[in-house]
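A.B. asks: Using only what follows, build the 3D model:
(2 chains)
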Amino acid sequence: MKESNMDGLQTTATETEQQLEDMAKEMRLANDGLLEQDKGYFCDVRPHRVEPYKGIMESFANWARSQSLWILGFGTGCGAIELRPLMTSRFDMYRYGIQARPTPRQSCVFIIGGYASVKTLKRIVRSYEQMQGPKFVLGLGSCTVNGGMYWDSYNTINRIDQYIPVDVYIAGCMPRPEALLGGFIKLKQMIREGKCEGMNKYIDDFDWYKANQKQIIHDWNMPDYNW
Amino acid sequence: MATERQERTIQEVKDSDPVCDAQTGLKFVHVEADQAVAYITRLRDVQGYTHLVFFTAIDYIEDSIFRLTYMVHNYASRQDLGVQVDIPRHGTTMESIHHLWPHAATYQRELKEMFGIDFPGSPGLDDSFILEGWTGIPPMRREFDTKLYSEQTYFPRPGRVTHDTTAYMKEKLYPSEAETW
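C.D. replies: Presented below is the predicted three-dimensional model:
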């Protein structure tokens, strides 16, 4: 009787230890590739949800957000060539409150310009995570939808939405600047309706996104969450 | 100082006439692997082919060889000359030419990554060129199945279909022109 009790206790203790270990593994952000002195430059905290305001406050905030979209000036593929005409007088994106910014810290819209190779995807993930919320992603061109003409390549991903959340896709190869403007208007509409919760989706499914990213990025020499 | 063997090579090469490609007008000359660098050195230093245009490899899997092609250019006579060298596909090693043209090191780095051809002594040879953390066989070798790899590694979106061109044209687009396909 006594012995069996002891056994039971021991089993429970081992199980608990195992559970604790598993939890610690899940919670830890593996900065394993970094040197000890470099780890201080990066935050080890997991990202957390940012709940929307209630009622009219959120509506007002969303309206304000939709009026000022700042693009990250990072052309990840050939689609970036369609972003240049947007700032010319013919298409004039500034009248929609859209402008390009040089760093992820200042921007809220990330345009994935077409195909993304694995090497680029690593930079895309870093840039996306460094952007401050609320942030939105536009998938530009067929390659972001299903790989486009590079669907059977050894080096380009097929679906960008497996690695970062996407709000609006603009299909085409290449879509014209008018289509891009159409995409922006659609994005604005979705922001005003409060449908662009990609950032929270990324945080909720953080482990799933990370697993997908690590499945193809083999030399993971950066923190799990960059900001 | 050229060795006796290299002297002989140079003499042989001097006598041999490059084969002219009828379509492109480009001239190609085949050289044995162990004599290639001596020959290219002579082209650069004596015959005025001072510019390395490109350096690439072609995988002839049927013949079990890689065909290296060094394309050099002579500014004075405005002529291109391709030097073709056949090397075996397995355990492939080739003499480096980075001492002739420093930028050849970049080509050799790419060939190492894409075909697995080793160039001992070439600077930065093992640094990743495009593929970071690649673990499989080099992707430009023809035994590498790129479609299979893509399907297994990335996440194909279901719903992609391939049509038979003739049937599809007949059915959907231009029935009258389907005959010409």
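A.B. asks: For the residue nearest the centre of chain B, what is the enclosing helix or strand?
C.D. replies: In chain B, the residue lying closest to the centroid (Cα atoms, centre = their mean) is residue B:57, at 1.8 Å. Assigned by DSSP states H and E, residue B:57 belongs to strand B:51-60.
A.B. asks: Tell me the helices and strands packed up against that strand.
C.D. replies: With contacts taken as 3 or more Cβ pairs under 8 Å, 6 or more residues apart in numbering or on different chains; DSSP states H and E, strand B:51-60 sits against strand B:65-74, helix B:104-115. The way it works is simple: take the backbone N, C-alpha and C, and place the C-beta from them, glycine included.
A.B. asks: If we use 10 Å, what do you get?
C.D. replies: Here strand B:51-60 touches helix B:36-45, strand B:65-74, strand B:79-88, helix B:104-115, going by 3 or more Cβ pairs under 10 Å, 6 or more residues apart in numbering or on different chains; DSSP states H and E.
A.B. asks: would a markdown table of the ones you listed with distance to residue A:188, mean neighbour count and mean pLDDT be doable?
C.D. replies: Converted to a markdown table, those look like this (distance: least, Cβ to Cβ, whole Å; neighbours: other Cβ atoms under 10 Å in any protein chain shown; pLDDT from 0 to 100):
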| stretch | distance to residue A:188 | mean neighbour count | mean pLDDT |
| --- | --- | --- | --- |
| helix B:36-45 | 60 | 19 | 92 |
| strand B:65-74 | 52 | 19 | 93 |
| strand B:79-88 | 55 | 18 | 91 |
| helix B:104-115 | 44 | 20 | 93 |
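A.B. asks: Identify whichever of those lies nearest to residue B:133.
C.D. replies: Evaluated over those, closeness to residue B:133 peaks at helix B:104-115, with 11.6 Å, by Cβ to Cβ.
A.B. asks: For chain B, what lies in contact range of chain A?
C.D. replies: B:128-136, B:139-140, B:144-151, B:153-160 (Cβ under 10 Å from any Cβ of the partner chain).
A.B. asks: now these: which count as buried?
C.D. replies: If you count burial by 16 or more other Cβ atoms under 10 Å in any protein chain shown, the buried members of those come out as B:129, B:131, B:134, B:139-140, B:149-150, B:153-156.
A.B. asks: will you turn the helices and strands packed on strand B:51-60 into a markdown table that also has distance to residue A:165?
C.D. replies: Shown next, in a markdown table, are those (distance: least, Cβ to Cβ, whole Å):
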| stretch | distance to residue A:165 |
| --- | --- |
| helix B:36-45 | 53 |
| strand B:65-74 | 44 |
| strand B:79-88 | 48 |
| helix B:104-115 | 32 |
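A.B. asks: By mean pLDDT, point me to the weakest helix or strand of chain B.
C.D. replies: helix B:4-15 (a mean of 52; mean pLDDT, DSSP states H and E).
A.B. asks: Which parts of chain A are helices?
C.D. replies: A:2-27, A:36-39, A:55-66, A:118-130, A:142-146, A:177-192, A:198-204, A:206-216 (DSSP state H).
A.B. asks: For residue A:154, find the nearest of the helices and strands packed on strand B:51-60.
C.D. replies: From the helices and strands packed on strand B:51-60, taking Cβ to Cβ, the stretch that ends up closest is helix B:104-115, at 10.3 Å.
A.B. asks: next structured bit after the closest one?
C.D. replies: Counting by DSSP H and E, the next helix or strand C-terminal to helix B:104-115 is helix B:146-153.
A.B. asks: contacts for that following helix?
C.D. replies: Here helix B:146-153 makes contact (Cβ atoms under 10 Å, 6 or more residues apart in numbering or on different chains) with A:118, A:147, A:150-158, A:215-216, B:136-137, B:139-140, B:145, B:156.
A.B. asks: do that again at 7 Å, thanks
C.D. replies: For helix B:146-153, contacts defined as Cβ atoms under 7 Å, 6 or more residues apart in numbering or on different chains pick out A:151-154, A:216, B:139.
A.B. asks: for chain B, what are the nearby residues on chain A?
C.D. replies: With Cβ under 7 Å from any Cβ of the partner chain as the criterion, chain A comes near chain B at residues A:119, A:145-146, A:151-155, A:157-159, A:162, A:216-219.
A.B. asks: which one is residue A:181 nearest to, not counting chain neighbours?
C.D. replies: residue A:91 (6.5 Å; Cβ to Cβ, 6 or more residues apart in numbering or on different chains).
A.B. asks: Residue B:63: neighbouring residues, count only.
C.D. replies: Neighbour count for residue B:63, taken as other Cβ atoms under 10 Å in any protein chain shown: 11.
A.B. asks: likewise residue A:102?
C.D. replies: Counted with other Cβ under 10 Å, residue A:102 comes out at 10.
A.B. asks: And the closest residue to it other than its chain neighbours, how far from chain B?
C.D. replies: Take residue A:102 and drop its neighbours on the chain: the residue closest to it by Cβ to Cβ, 6+ apart is residue A:73, 5.5 Å away. Here the criterion is Cβ to the nearest Cβ, to the nearest Å. By it, residue A:73 lies 23 Å from chain B.
A.B. asks: again, but for residue A:112
C.D. replies: 15 Å.
A.B. asks: What of residue A:116?
C.D. replies: Using Cβ to the nearest Cβ, we find residue A:116 at a distance of 10 Å from chain B.
A.B. asks: Specify which residues of chain B, grouped into ranges, have pLDDT under the cut-off.
C.D. replies: Within chain B, the ranges that satisfy pLDDT under 70 run B:1-25, B:173-181.
A.B. asks: Apologies, that question was intended for chain A.
C.D. replies: Applying pLDDT under 70 to chain A flags the ranges A:1-13, A:20, A:22-34, A:38-44, A:227.
A.B. asks: Now residue B:166: which helix or strand?
C.D. replies: Going by DSSP H and E, residue B:166 is part of helix B:165-168.
A.B. asks: so which of the helices and strands packed on strand B:51-60 comes closest to residue B:29?
C.D. replies: Closest among these, using Cβ to Cβ: strand B:79-88, at 5.8 Å.
A.B. asks: Parallel or antiparallel, list what pairs with that closest one.
C.D. replies: strand B:27-31 (parallel), strand B:65-74 (antiparallel) (DSSP bridges).
A.B. asks: pretty sure the residue nearest to the centre of chain B contacts residue B:70?
C.D. replies: No. Taking contacts as Cβ atoms under 7 Å, residue B:57 lies outside contact range of residue B:70: 10.4 Å.
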